[in-house]
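[1] Structure for this input, please:
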Amino acid sequence: MKSLKRGNKMILVPYPAQGHVTPMLKLASALLNHGFEPVVVTPEFIHSRIANQVKEISCISIPDGLEEDTVRDFFAIEMAMENNMPLHLERVVREFLGDVDGRVCMVVDVLASWAIDVADKCGVQVAGFWPAMLATYRLIAAIPVMIRTGIISQTGNPKEQGAIFLPGQPVLSTEDLPWLIGTITERSSRFKFWIRTLNRLRTLRWLLVNSIPDELHDNNQQNDQLIITDGSQDYTRVFPVGPLMEDNKLALSKNASFWAEDMSCLDWLDMQSPGSVVYVSFGSWVSPIGERKVKNLALALEASRRPFLWVLGSACCEGLPLGFLDRVWRQGKVVSWAPQIRVLQHKAVGCYLTHCGWNSTMEAIQCKKRLVCYPVAGDQFINCAYIVKVWRIGARISEFGQKEVEESLKRVVEDNEMKHTLMRLNERLVGKEARSRALANLAAFANDIKKSFQM
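    You can find the predicted model right below:
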């Protein structure tokens, strides 16, 4: 552990996945400017990947209690969070409490809600952190209402296929609910995870959201809002402090990648014509599409005759058609991991075929890249609904057939109205006014926490 000065300690606990650790590190960096000494706590397997990449904040590790050869998927990590990690986090919190006379607080990723119980047990103030858009949080928070009104069963299954209407949000299908992933047993387990999470959130006084201020407020509204959670709590103050991403004044820390980035793709992009390349990436957490779909997408990209840069893990390369890499070596490049921000900033990239993860969505808008959407799991469906129906900066595809892929790419690349819409949305996200409002929200949260130390 790096040496720490005596002062206001802010212990931050992300959910142990790349898309959660990255914004939490950026939040930690932003809190440095508000008189806090942030300490990011991760399991050992995450710590070993990021510790040497993060310079200005402290990162410490705790054991997850899993065997070394255990595949750390959603269910293994959930077991570790519930059964193994709380005791180790409690030890860390109590050590800091003894060091700084009680001036310790915590920020806990909502998906790591087990750490809220640790904070309560240790008697320290705790805020929640939602690393995605507020609209997805509202969907999760609406679970009790959806059960009462008969949209879903007590186990989270839709009682009938149809539409979900939430105030101020695009229409979703019942099949787009975030926990409907995998087998019936897996879906049930994921739903129980969210029920347990909601129960723990009832005590939160603050919620930091990695989201657009305009998503929550009109310009004349105050910096907080009440979220009523099934009538069981009075209120939670909500602070939109995003988007937390590179080149945003809120974000001082670089992306700490879990995997080695193949920088050769930037040299390859330098040799391509401006706006010609299709960038393809389905993120890091959920195994995205399976061998059959990998093969179909490969054939569709080849048939399009468009240059492409495809981020495809080594395990997924097994799904590529026989001889594919030899045939497309002039047309495309396949890498295991890429420096995504630098890729999206590159003038050669014309559009992004994406799973619609929140970080990827925000980075694409930041870099003014139009989107072809293939959501896979979790919050990606509601993100896609905003991209296609609300913001109108992309198109959704349902399969990787050659005709559908080519038509979608053509529509997105050639749509001038979409280009102008993206420019306006970019200003709303990362323009001077947006940054000012996000900074003001973060300052208001910091002041609230400091006042709590005096109570």
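[2] Where does pLDDT dip in the chain?
    1-7, 100-102, 213-235, 245-255, 284-288, 314-316, 455 (pLDDT under 70).
[3] Would you map out the domains in it?
    8-256+432-453, 264-430 (automatic domain parsing).
[4] Reformat the ones you listed as JSON lines; add mean neighbour count.
    All C-beta spots, glycine's among them, are computed from the backbone N, C-alpha and C. Formatted as JSON lines, these follow (neighbours: other CB atoms under 10 Å):
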{"stretch": "domain 8-256+432-453", "mean neighbour count": "18"}
{"stretch": "domain 264-430", "mean neighbour count": "19"}
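[5] partners of the longest strand belonging to the chain in the sheet?
    For the chain, the longest strand by residue count, based on DSSP state E, is strand 36-43. Using DSSP bridges, the strands paired with strand 36-43 are strand 8-13 (parallel), strand 58-62 (parallel).
[6] so after that strand, what's the next helix or strand?
    helix 44-50 (DSSP states H and E).
[7] Need the residues that contact that following helix.
    With contacts defined as CB atoms under 8 Å, 6 or more residues apart in numbering, helix 44-50 is touched by 16, 21, 25, 42, 59-64, 72, 256-259.
[8] I'd say Asn84 and Gly65 touch.
    Yes. Counting by CB atoms under 8 Å, Asn84 touches Gly65, with 3.0 Å between them.
[9] Output the contacting helices and strands for the longest helix belonging to the chain.
    In the chain, taking DSSP state H as the definition, the longest helix is helix 432-453. For helix 432-453, the packing partners by 3 or more CB pairs under 8 Å, 6 or more residues apart in numbering; DSSP states H and E come out as strand 8-13, helix 18-31, strand 104-109, strand 125-130, strand 206-209, helix 213-216, strand 237-240.
[10] which other residues reach the fifth one?
    Outside of strand 206-209, the residues within contact range by CB under 8 Å, 6+ apart are 27, 107, 110, 127-130, 133-134, 137, 216, 227, 236-242, 442, 445, 448-449.
[11] List the contacts of the closest residue to Gln380 other than its chain neighbours.
    Nearest residue to Gln380, sequence neighbours excluded (CB to CB, 6 or more residues apart in numbering): Cys356, at 4.2 Å. Counting by CB under 8 Å, 6+ apart, Cys356 touches 371, 373-375, 380-381, 383-384, 387.
[12] mind redoing it with 6 Å?
    373, 375, 380, 383-384 (CB atoms under 6 Å, 6 or more residues apart in numbering).
[13] how close does it get to Gly242?
    Using CB to CB, to the nearest Å, we find Cys356 at a distance of 16 Å from Gly242.
[14] so where does the closest residue to Trp179 other than its chain neighbours fall, helix or strand?
    Nearest residue to Trp179, sequence neighbours excluded (CB to CB, 6+ apart): Arg190, at 3.9 Å. In this structure, Arg190 sits in helix 184-201 according to DSSP H and E.
[15] For that helix, name the packing helices and strands.
    Packing contacts for helix 184-201, counted by 3 or more CB pairs under 6 Å, 6 or more residues apart in numbering; DSSP states H and E, involve no helix or strand.
[16] nearest spatial neighbour of Asp176, skipping sequence neighbours?
    Asp176 sits nearest to Phe381 (CB to CB, 6+ apart), 3.6 Å away.
[17] Repeat that for Asp262.
    Val335 (4.0 Å).
[18] follow-up on the earlier one: would you put the C-alpha positions of the longest helix of the chain in PDB?
    Written as PDB, here are the backbone C-alpha positions of helix 432-453 (Å, rounded to 0.1, in the frame of the first residue of the first chain):
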ATOM      1  CA  LYS A 432     -18.200  24.000 -20.800                       C
ATOM      2  CA  GLU A 433     -21.600  24.200 -19.200                       C
ATOM      3  CA  ALA A 434     -21.900  20.400 -18.700                       C
ATOM      4  CA  ARG A 435     -18.500  20.300 -17.000                       C
ATOM      5  CA  SER A 436     -19.300  23.200 -14.800                       C
ATOM      6  CA  ARG A 437     -22.500  21.600 -13.600                       C
ATOM      7  CA  ALA A 438     -20.800  18.200 -13.000                       C
ATOM      8  CA  LEU A 439     -18.100  19.900 -11.000                       C
ATOM      9  CA  ALA A 440     -20.700  21.900  -8.900                       C
ATOM     10  CA  ASN A 441     -22.500  18.600  -8.100                       C
ATOM     11  CA  LEU A 442     -19.300  16.900  -7.000                       C
ATOM     12  CA  ALA A 443     -18.400  19.900  -4.800                       C
ATOM     13  CA  ALA A 444     -21.900  19.900  -3.200                       C
ATOM     14  CA  PHE A 445     -21.400  16.200  -2.400                       C
ATOM     15  CA  ALA A 446     -18.000  16.800  -0.900                       C
ATOM     16  CA  ASN A 447     -19.300  19.600   1.300                       C
ATOM     17  CA  ASP A 448     -22.200  17.300   2.500                       C
ATOM     18  CA  ILE A 449     -19.700  14.600   3.400                       C
ATOM     19  CA  LYS A 450     -17.400  17.000   5.300                       C
ATOM     20  CA  LYS A 451     -20.400  18.400   7.300                       C
ATOM     21  CA  SER A 452     -21.200  14.800   8.300                       C
ATOM     22  CA  PHE A 453     -17.800  14.500   9.900                       C
END
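[19] Save the strands paired with strand 36-43 as CSV, and put in distance to Thr155 too.
    Listed next are the strands paired with strand 36-43 as CSV, based on distance: least, CB to CB, whole Å:
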stretch, distance to Thr155
strand 8-13, 28
strand 58-62, 32
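[20] Those: which one's closest to Ala119?
    strand 8-13 (8.4 Å; CB to CB).
[21] what does the closest one contact?
    With CB under 6 Å, 6+ apart, strand 8-13 has contacts from 24, 28, 31, 35-41, 96, 100, 103-108, 112, 115.
[22] again, 8 Å this time
    24, 27-28, 31, 35-41, 89, 92-93, 96, 99-100, 103-109, 112, 115, 129, 449-450, 453.
[23] Figure out how far it is from the centre of its chain.
    20 Å (CA atoms, centre = their mean, to the nearest Å).
[24] Then stretch 339-351?
    19 Å.
[25] Residues in contact with the helix holding Arg190: which ones?
    Contacts for helix 184-201 (CB under 8 Å, 6+ apart): 74-75, 78, 110-111, 113-114, 116-117, 128, 140-141, 143-144, 155-157, 178-182, 229-230, 236.
[26] Just the angle for that helix relative to strand 104-109, thanks.
    Relative orientation of helix 184-201 and strand 104-109, computed by axes from the mean of the first three to the mean of the last three CA atoms, to 10 degrees: 150 degrees.
[27] Show me where the stretch 251-400 of the chain has its strands.
    277-281, 308-311, 332-335, 349-354, 370-373, 394-396 (DSSP state E, counting those that start in this stretch).
[28] Give the pairing partners of the fourth one; include direction for each.
    What that stands for is strand 349-354. strand 277-281 (parallel), strand 370-373 (parallel).
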